[in-house]
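[1] Pasted the sequence and its predicted model underneath.
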Amino acid sequence: MLGDILLIEEIHKTVADSIAKRVLKELENKPKFYKYIVGISGESGSGKSEVSHSIARRLKDEHIRVKILHTDNYYHIPPLLRLEWRKTKGIETVGTNEYDWNLIHRNIQDFKEERESMLPCIDIIPEQVDKLITDFKKIDLLVIDGLYAIKADGIDLRVFIDLTYKETKLTQLQRMKEKMDDFRLQVLEREHQNILALKPMADVIINKNYVAIDTKTGESL
């Protein structure tokens with residue numbers, strides 16, 4: 001998202017380093033030029049974008065070219081109309097169905113097949129959806145982040161950040177992406193329930209201390 005504010009701290013870099021090492025280890029057992037995908041889900045303000053960016057920077061040091069795909073760009077309803085849409089249609093409309101999964105999966109397939117692809121990109125300042133053309137032939141690894149990102153098809157490593165919107169209130173206020181009022185709190189609670197349902201899908205959970213834990217072994221990365 002253009003104009004988004006990243007609040008990258010040492011904890012994001014540290015956990016990103018551990019995840020990057022996990023990715024590098026898994027790539028050793030993949031065919032050469034394998035198109036690897038990392039998915040990162042979590043609630044608003046949990047640090048999805050910060051971790052995604054930090055992973056990309058870490059892998060760049062290993063000469064791996066990374067593209068970040070933010071699923072917040074894939075809402076069916078554009079930013080300026082979304083609040084009124086939700087209020088009119090009801091809080092139960094908040095969830096995974098708000099996203100254009102067909103387009104998300106089309107862009108993932110373009111990455112897998114090394115095609116040029118057109119991606120939606122929200123410019124936060126005017127709150128409009130622009131179009132970005134990217135050549136996936138030049139991209140080695142894709143990071144998909146967003147509330148429900150690990151739900152997407154074709155992901156090799158699913159990462160879940162286990163922090164709730166109540167625990168990330170300060171970060172949300174600092175980023176000021178949406179006005180914090182009673183309806184916004186209802187949206188956050190609805191998202192919380194939907195996101196929590198995805199937790200069992202995770203291969204790695206970033207816990208409340210911001211340590212990455214392997215869900216199979218229970219050990220830190």
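    Arrived safely.
[2] and the gap between the residue lying farthest from the centre of the chain and residue 79?
    Distance from the centre of the chain peaks at residue 88, with 27.2 Å (C-alpha atoms, centre = their mean). Per C-beta to C-beta, to the nearest Å, residue 88 is found 16 Å from residue 79. (Glycine included, C-beta is placed from N, CA and C.)
[3] on that earlier part again, packing partners of the one helix or strand the residue farthest from the centre of the chain maps to?
    Secondary structure from DSSP states H and E places residue 88 in helix 79-89. Contacts defined by 3 or more C-beta pairs under 8 Å, 6 or more residues apart in numbering; DSSP states H and E place helix 79-89 against strand 128-135, helix 182-196.
[4] Show me the shaky parts of the chain.
    Along the chain, the parts satisfying pLDDT under 70 run over 1, 3, 170-178.
[5] and the longest helix for it?
    The helix spanning the most residues in the chain, taking DSSP state H as the definition, is helix 10-27.
[6] Would you list the strands that the next helix or strand after that helix pairs with, along with their directions?
    Per DSSP H and E, the first helix or strand lying C-terminal to helix 10-27 is strand 36-42. With DSSP bridges as the test, strand 36-42 is paired with strand 141-145 (parallel), strand 157-161 (parallel).
[7] hey, what's residue 213 bridged with?
    Counting by DSSP bridges, residue 213 forms beta bridges with residue 205, residue 220.
[8] hang on, I meant residue 68
    Going by DSSP bridges, residue 68 forms beta bridges with residue 143.
[9] surely it meets residue 51?
    No: when contacts are counted by C-beta atoms under 8 Å, residue 68 is not listed as touching residue 51 (10.3 Å).
[10] what residues are up against the spatially most central residue of the chain?
    Nearest to the geometric centre of the chain sits residue 145, at 1.1 Å (C-alpha atoms, centre = their mean). Contacts for residue 145 (C-beta atoms under 8 Å, 6 or more residues apart in numbering) come out as 39-41, 48-49, 51-52, 68-71.
[11] now those residues: which count as buried?
    39-41, 48-49, 51-52, 68-71 (16 or more other C-beta atoms under 10 Å).
[12] Adding distance to residue 183 as columns, could you present those in TSV?
    Listed next are these as TSV, based on distance: C-beta to C-beta, whole Å:
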residue	distance to residue 183
39	29
40	27
41	23
48	23
49	24
51	28
52	28
68	29
69	28
70	23
71	22
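[13] From those residues, pick the one nearest residue 106.
    Checking these against residue 106 by C-beta to C-beta gives residue 69 as the nearest, at 11.5 Å.
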